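Participant: For reference, the sequence and a predicted model appear below.
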2 protein chains.
Amino acid sequence: MPKVGNEPLRRRQLISATMNAIDEAGLADATILRIARRAGVSAGIISHYFGGKDGLLEATMRQILTDLGNAVGERRRALDDDSPRACLGAVIEGNFDDSQVTGPAAKTWLAFWTSSMHKPDLARLQNVNDRRLYANLCFHFSRVMPRAEAQDAARGLAAMIDGLWLRGALTPEGLGAEGARRLAFACLDQLLAQHGGAPASPSAAIGETHDE
Amino acid sequence: MPKVGNEPLRRRQLISATMNAIDEAGLADATILRIARRAGVSAGIISHYFGGKDGLLEATMRQILTDLGNAVGERRRALDDDSPRACLGAVIEGNFDDSQVTGPAAKTWLAFWTSSMHKPDLARLQNVNDRRLYANLCFHFSRVMPRAEAQDAARGLAAMIDGLWLRGALTPEGLGAEGARRLAFACLDQLLAQHGGAPASPSAAIGETHDE
DNA sequence: CGTTATTAATTGAACGTTCAATAAAAAAAT
DNA sequence: ATTTTTTTATTGAACGTTCAATTAATAACG
């Protein structure tokens, strides 16, 4: 029983099904048949819309990177205060957005991370995103400390975010997203206090910096 | 041309070849043929010594975990000072030991990490190791701060170690092992100073083991 | 307004490839 | 001569891709 053609919808369905399949069975067992079945379409359609399995996987990774960028961007835009701490906080919050820490997204993210070490196409995407995050952190830190120290602070905070995020993805029972955010903010305030003189408001570290 | 039988040697050869194959091509393309060729033996021998591919992969992961335990243990034993900072430093140094950050080990480690999310056997190994590290960190932190804060400190340091290690594995060009160690120690000293009263000597963080 | 022709979307099956596992043969060692 | 170790050849299953056939939607036409 054929369905009405709707390219944007089909692409979204298939990308979403890909993440769910990876969440369920891992990238290695995310076959096109499994993905197609999850999306409620047939296997052949994948090649039709994405040129093949690789195309679908790349599109899926692009989607996750876009979601991350949006999550940070939205929180950034919602700030009425453009202090370094507020901006850096928005980056942290964005990285722990539901669209990034939820099962399917997190497992897919990690699977691509691993996979990118041997697939140049994915590595390129990864690098662009990584550099953008780093440059962003660096810029805000360097407003309150010398360049060299700002670079170290950026590297440290980036590592802490990734580490917390990774452990959250791996063991869902220990330290939820709130706990991870709390520790990330604690790290941020330590970094600011260390080199930037007086911190903004360490004790109110966890408070809302955004709404919705 | 067959070779003389030597089980321990064959096992070591094959485990080492597995890590190199994963480093070279990724877990997905680490076929038994590729691994066997790297070890200089034929494919059939893998089933003979490990019962199958899964057995070889599990043995390889066990080896990496053993190496990590040894790297930490050796440094722990080499200490003449058993202050919390010295012990925690040994854990950090052990985690950034060459046996863990070098290409093959790091990529294999990450591949198994990802894979363990969908393979109960590997997940079990991973959890045992993870809990051991966490308990170890917790114990040393709780000598200089309340239990609840020690747990947060342990989680924070563990996340920082993993994050630095992960980024090092992913992008070998930025921040070598020395840089990662430096930032990990900076994080450690911050955590100690934060809750443990006077820090050892923050500026000389990397140097000799001070007394707390 | 109804009929027909054309286009686009989708399916399901077949194909060729690759892999892990197995079995049988060959070589070394005892 | 028997046992252990290793290789080679084979098997069966699973995968991604491809393609002809089918169906729905749209356009052209009278």
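Facilitator: Cool, got the structure.

Participant: Please list all residues in contact with residue A:183.
Facilitator: Under the criterion of CB atoms under 8 Å, 6 or more residues apart in numbering or on different chains, the contact partners of residue A:183 comprise A:160, A:164, A:175, B:152, B:155, B:156, B:159. Any C-beta I mention is one placed from the backbone N, CA and C, and that applies to glycine too.

Participant: Would you mind naming what in chain A lies close to chain B?
Facilitator: Counting by CB under 8 Å from any CB of the partner chain, the residues of chain A lying close to chain B are A:25-29, A:107, A:110-111, A:113-119, A:126-127, A:130, A:152, A:155-156, A:158-164, A:166-167, A:169-171, A:175, A:179, A:183, A:186-187, A:190, A:194.

Participant: which ones among the residues you listed are found in helices?
Facilitator: In this view, the residues of chain A next to chain B that belong to helices under DSSP state H are A:25, A:107, A:110-111, A:113-115, A:126-127, A:130, A:152, A:155-156, A:158-164, A:166-167, A:169-170, A:179, A:183, A:186-187, A:190, A:194.

Participant: Please indicate which of those residues are buried?
Facilitator: By neighbour count, with 16 or more other CB atoms under 10 Å in any protein chain shown, those hold A:107, A:110-111, A:113-115, A:126, A:130, A:152, A:155-156, A:158-164, A:166-167, A:169-170, A:183, A:186-187, A:190, A:194 as buried.

Participant: ok so, going back, which of the contacts of residue A:183 sits closest to DNA strand D?
Facilitator: Within the set of the contacts of residue A:183, residue A:164 lies nearest DNA strand D; the separation is 31.9 Å, counting by CB to the nearest atom of the strand.

Participant: Assess the claim that the closest one and residue B:163 are in contact.
Facilitator: Yes: the pair formed by residue A:164 and residue B:163 meets the contact definition of CB atoms under 8 Å, at 7.4 Å.

Participant: Can you show me the strands along chain A?
Facilitator: Secondary structure of chain A, counting by DSSP state E: no strands present.

Participant: Most proximal residue of it with respect to chain B?
Facilitator: Residue nearest to chain B within chain A: residue A:163 (2.9 Å; CB to the nearest CB).

Participant: Any idea how many residues pack against residue A:45?
Facilitator: If you count neighbours by other CB atoms under 10 Å in any protein chain shown, residue A:45 ends up with 16.

Participant: show me the contacts for it.
Facilitator: Shown in contact with residue A:45 (CB under 8 Å, 6+ apart): A:10, A:14, A:36.

Participant: residues near the closest residue to the second one other than its chain neighbours, how many?
Facilitator: Counting by CB to CB, 6 or more residues apart in numbering or on different chains, residue A:14 lies nearest to residue A:39, which is 5.1 Å off, once chain neighbours are set aside. The number of residues packed near residue A:39 is 20, by other CB under 10 Å.

Participant: Give me the pLDDT value at residue A:39.
Facilitator: Confidence per residue is given as pLDDT, and for residue A:39 that number is 94.

Participant: Any chance of a markdown table for the contacts of residue A:45, columns neighbour count and pLDDT?
Facilitator: Formatted as a markdown table, the entries for those read as follows, by neighbours: other CB atoms under 10 Å in any protein chain shown; pLDDT from 0 to 100:
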| residue | neighbour count | pLDDT |
| --- | --- | --- |
| A:10 | 18 | 87 |
| A:14 | 22 | 95 |
| A:36 | 20 | 95 |
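
Participant: Of all the residues in the lowest-mean-pLDDT helix or strand in chain A, which ones are buried?
Facilitator: The element with the least model confidence among the helices and strands of chain A, by mean pLDDT, DSSP states H and E, is helix A:98-101, at a mean of 87. Applying a neighbour-count criterion of 16+ other CB under 10 Å, one finds A:99, A:100, A:101 buried in helix A:98-101.

Participant: now stretch A:85-105
Facilitator: Neighbour-count burial for stretch A:85-105, counted by 16+ other CB under 10 Å, picks out A:85-97, A:99-101, A:104-105.

Participant: measure that stretch end to end?
Facilitator: Using CA to CA, to the nearest Å, the end-to-end distance of stretch A:85-105 comes to 27 Å.

Participant: any idea how far that stretch is from the chain center?
Facilitator: Relative to the mean C-alpha coordinate of its chain, stretch A:85-105 is positioned 7 Å out (CA atoms, centre = their mean, to the nearest Å).

Participant: got any ranges where chain A has weak pLDDT?
Facilitator: Under the criterion pLDDT under 70, the flagged ranges of chain A are A:1-5, A:196-212.

Participant: Kindly recompute the last result at 90.
Facilitator: Within chain A, the stretches falling below the threshold (pLDDT under 90) are A:1-10, A:98-103, A:168-177, A:194-212.
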